[in-house]
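Novice: No sequence on hand, only this structure:
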């Protein structure tokens, strides 16, 4: 029997754009996932919440260009705290040239603007912790 996915979602740093992340949050809930929406957070808070909530996945949103430093920090902190098995995905305005570096740092997947919501839901539903 499949268990309900617990997804912690946060906007990296301070970002005043919220429409996309709220659309994804609602869609994941409508798909039967448990979503813990944190709003604007720094890596330390994201990691602490993900561990406390026993998250199956962390979804990050970045529209302000801070994704290279902050997403890498999330991955590093997860590993330091023994929670490196929690997969991290990111969506938002991530330049194509940054995708390979993010994946090399440990981000599982990067979703560009315009990615069908169903594709994101399906991807998350299929994620298994390491």
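Specialist: Structure received. The structure displayed is predicted, hence computed values, not measured ones.
Novice: element containing the residue positioned nearest the centre of the chain?
Specialist: Centroid check for the chain by C-alpha atoms, centre = their mean gives residue 59 as the closest residue, at 1.4 Å. Using DSSP states H and E, residue 59 falls within strand 57-62.
Novice: hmm, back to that, please give me every residue in contact with the residue nearest to the centre of the chain.
Specialist: 7-10, 24, 88-91, 124 (C-beta atoms under 8 Å, 6 or more residues apart in numbering). No exception for glycine: its C-beta is placed from N, CA and C like everyone else's.
Novice: and of the residues you listed, the nearest to residue 68?
Specialist: For the contacts of residue 59, the residue nearest residue 68 by C-beta to C-beta is residue 90; the value is 10.4 Å.
Novice: how near is that closest one to residue 4?
Specialist: To residue 4, residue 90 is 22 Å away according to C-beta to C-beta, to the nearest Å.
Novice: who has more neighbours, those two?
Specialist: residue 90 (24 against 10; other C-beta atoms under 10 Å).
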